[in-house]
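[1] need a structure here:
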Amino acid sequence: MKLRELTQALASGSDVRWGHDGYHVKWENLPDGPAITITCTANGFGGAMAVSEMKDCYIKETTQ
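    Here you go, the predicted model:
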């Protein structure tokens, strides 16, 4: 994804993932201000996303 696609997906509430379904992407308020973060769903570890990591983001498709 590009920055515009990513921010629009997050703003619309899409389930954005990074690399694979085990990493969740979201907006988070950090001490220096809001940032896009990546969090591992298995262990809760995460951090602010680097610009170079945006290309691996995708919207997780829902199954019904």
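
[2] in what helix or strand does residue 21 lie?
    strand 20-30 (DSSP states H and E).

[3] Can you give me the buried ones in that strand?
    The neighbour-count check on strand 20-30 (16 or more other Cβ atoms under 10 Å) flags 23-25 as buried. From N, CA and C alone the C-beta is placed, and that goes for glycine too.

[4] Same check on stretch 6-17?
    By neighbour count on 16+ other Cβ under 10 Å, the buried set for stretch 6-17 is 6, 9-10, 14, 16-17.

[5] which other residues reach the strand holding residue 21?
    By Cβ atoms under 8 Å, 6 or more residues apart in numbering, the list of residues contacting strand 20-30 from outside reads 6, 10, 15-18, 34-42, 48-49, 57, 60.

[6] that older thread, list just the nearest of the buried residues of strand 20-30 to residue 1.
    Relative to residue 1, the closest of the buried residues of strand 20-30 is residue 25; by Cβ to Cβ it sits at 9.3 Å.

[7] List the beta-bridge partners for that closest one.
    For residue 25, the beta-bridge partners are residue 38 (DSSP bridges).

[8] Report whether the expected contact of residue 60 with residue 18 is present.
    No: counting by Cβ atoms under 8 Å, residue 60 stays clear of residue 18, with 10.4 Å between them.

[9] who has more neighbours, these two?
    Neighbour count, other Cβ atoms under 10 Å: between residue 60 and residue 18, residue 18 has more, with 24 against 13.

[10] separation between the residue nearest the centre of the chain and residue 48?
    By Cα atoms, centre = their mean, the mean C-alpha position of the chain lies nearest to residue 25, the distance being 1.8 Å. Look at residue 25 and residue 48: by Cβ to Cβ, to the nearest Å, they are 11 Å apart.

[11] Can you work out which residues contact both of the two?
    Residues touching both residue 25 and residue 48 comprise 36-37, with contact defined as Cβ under 8 Å, 6+ apart.
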